[in-house]
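Student: what's the 3D shape of this:
(4 chains)
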There are 2 protein chains.
Amino acid sequence: MSIRHGLLALLDQGPRYGYQLRTEFEARTGATWPLNVGQVYTTLGRLERDGLVEAAGEDDEGHQFYAVTHEGRAELRRWFDTPVPRTNPPRDELAIKLAMAVTVPGVDVAAVVHGQRRHSMQALQDYTRLKGRALAADSGSGGDLAWLLVLEQLIFQTEAEIRWLDHCEARLAQHAERAATAAPSGPAAPTARRAVKSRDRGRTR
Amino acid sequence: MSIRHGLLALLDQGPRYGYQLRTEFEARTGATWPLNVGQVYTTLGRLERDGLVEAAGEDDEGHQFYAVTHEGRAELRRWFDTPVPRTNPPRDELAIKLAMAVTVPGVDVAAVVHGQRRHSMQALQDYTRLKGRALAADSGSGGDLAWLLVLEQLIFQTEAEIRWLDHCEARLAQHAERAATAAPSGPAAPTARRAVKSRDRGRTR
DNA sequence: CGAGCGCCACATACCCGGTATACATACTCG
DNA sequence: CGAGTATGTATACCGGGTATGTGGCGCTCG
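Tutor: Numbers count the residues shown, from 1 in each chain, chains lettered A, B, ... in the order given. Here you go, the predicted model:
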C-alpha cells in the first residue's frame, strides 16, 4: 500500500498527471526504488476506482490530470496518523534463507553468511558514498531532505544487517561447540528431525 | 522469490505434501510470517510448471507428495551461493512515508516520527520477550536455532529503525534551525517546489 | 450419542506490486 | 536528415498476499 499512499500524498500538493508523479516520486526516493511508470497508471486507476482521486481534465497538451477527492484527503490523513505495523513486518528473504540454511543438512552456512556479509558491506559503502555526494551537492540550505533521510534509512538497515550476520556467526560457532562437547564422538541426532506435529510455538496475537 | 526457494529447501530434505510444508515453514519463521496455506499450493504448482519439482505419488491417505528434481537442486544451490541483492532492497513503507511527510506541507512530521517510535518500541519489546521465552524453552542443546535467528533479525532491524527515527528527529530540528537563521523573518521559500525538470540525481549502476 | 467445534488438507478467486513492452510524439545532436 | 533520447500513456503478465470455500476426521460436552 505504500505506492498508493505515496501518490496520494504527491497529489495532495495539487493536480498532477501520470508521468509527473513518477518524476516527483523518484526525486524523493531516488535511485533506490526506481518506480516503473506503468505502476503509476494502474495505481491511479485503482485510486480513481476507490474514489480517492478523480480526473481533473486535460491541459492543452493532452495530459490527463488527477486530483485528490475529499475522501482521498481523509485517507491520507489516516495514513500519516497511524504508524506502519511492525508486528508482522514484510518477509525478509535473507532471514528466510538463513533459517533454511541452518535447517537443511548439507549447506555451508558459514559460507552463506560470509558471502552475504561481503555483499552487504559493498552496499553500505555505496550508500555512504551517495550520502556524501548528497551532502556536498546540498551544501546550502537543506534542499533534498527526503532523499537524505531515505539514504540514511538504508544505511541504518544495512548496518543492522551486517551486525546481525556477525551475531549469527558467533551463535553458530557457539552452537557447534556445544554440540561437540555434548556428544564428543558422533552426535546423537545432528539434525534431529522434529516430528511434524511440533507446531504451535506461542503465537503473537 | 523467497517462498519459492524456501519450499524448495524444505523439499530438499525429502518428499513432502502441501500442508506439511506450511507446518515446517512456520516452525522456522514462526509467528512473524505466518504462511497462508493457499500460497503453498499455488507455489508448488509454479515450481512443478518450471520443472524444479515433480509429483511423487500419494500415500494411503491421499496426500499428494512432491519431490525436488535435479534442476530444482541446482536452483537451490544457486540460491544459497549468491547473496540476496541489497542494492535495490524492497520498498520500505516507513521510509516512503517520512519522505512524503517532509515534502508535502501541512503534515506534522514530528508527530509521525513519535507515533511510529512508540509503536516500534512496543514491537521491540514483544520480540525481546519472545526471545526470552525461546531461550528458556530451549535450555538444552539448540533445538530451534532457526527461529532464534529470525527473532534476532527482527530485533536488530527494529533497533535500527528506532535509531533511525531518533536520527530523523535530530535532523529535522537542525533543519528547522538552519531555516530560521537563514531567513529570520519569513523563510524565502519554505517548501521550495522544485521544477519538475529536476530529475536525474546520480543513479547507482 | 450426536451436534458442534476445531484441526487437517486442498483449492480457488481476487487484489496489489513489479516488470516488460508496445506505441506515439518531440527534441537534439552528429 | 536520421538516430537516439526524453516525454508520455497504456496494457499484459507474473509472483506474492489474503480471504474464502469445501470436505473429512476426531474430540468434547451437553
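
Student: please name the residues that touch the residue of chain A at minimum distance from DNA strand C.
Tutor: Using CB to the nearest atom of the strand, the single residue of chain A nearest to DNA strand C is A:Gly38, 2.4 Å away. In short, each C-beta sits where N, CA and C put it, glycine included. The contact partners of A:Gly38, taken as CB atoms under 8 Å, 6 or more residues apart in numbering or on different chains, number zero.

Student: assumed it was part of a helix.
Tutor: Yes. Counting by DSSP: H, G, I helix; E, B strand; the rest coil, A:Gly38 is part of a helix.

Student: quick one: pLDDT of it?
Tutor: A:Gly38 carries a pLDDT value of 88.

Student: please apply the same query to A:Arg194.
Tutor: 37.

Student: what does the one 5 residues further on give?
Tutor: A:Arg199 is assigned a predicted lDDT (pLDDT) of 35.

Student: residues contacting A:Gly115?
Tutor: By CB under 8 Å, 6+ apart, the contact list for A:Gly115 reads B:81-83.

Student: what about the helix or strand of chain A with the lowest mean pLDDT, near DNA strand C?
Tutor: Of all helical and strand segments in chain A, the minimum by mean pLDDT, DSSP states H and E falls on strand A:53-58, at a mean of 85. No. Figure legend: strand A:53-58 not in contact with DNA strand C (CB under 7 Å from any atom of the strand); closest approach 12.6 Å.

Student: burial of A:His114, as a residue count?
Tutor: For A:His114, the tally of surrounding residues (other CB atoms under 10 Å in any protein chain shown) stands at 14.

Student: pretty sure it is in a strand, no?
Tutor: No. The assignment for A:His114, made by three-state DSSP, is helix rather than a strand.

Student: gap between it and A:Leu165?
Tutor: 8 Å (CB to CB, to the nearest Å).

Student: try A:Trp33
Tutor: 23 Å.

Student: C-terminal to the regular element (helix or strand) spanning A:Arg78, what's the next element?
Tutor: Per DSSP states H and E, A:Arg78 falls inside helix A:70-81. Next helix or strand after helix A:70-81 toward the C-terminus (DSSP H and E): helix A:93-101.

Student: what residues does that following helix touch?
Tutor: With CB under 8 Å, 6+ apart, helix A:93-101 has contacts from A:107, A:109, A:112-113, A:116, A:161, A:168, B:1-3, B:5-6, B:9-10, B:28-29, B:33, B:79-80, B:84, B:146-147, B:149-150, B:153-154.

Student: which ones among those residues are found in helices?
Tutor: A:109, A:112-113, A:116, A:161, A:168, B:2-3, B:5-6, B:9-10, B:28-29, B:79-80, B:146-147, B:149-150, B:153-154 (DSSP state H).
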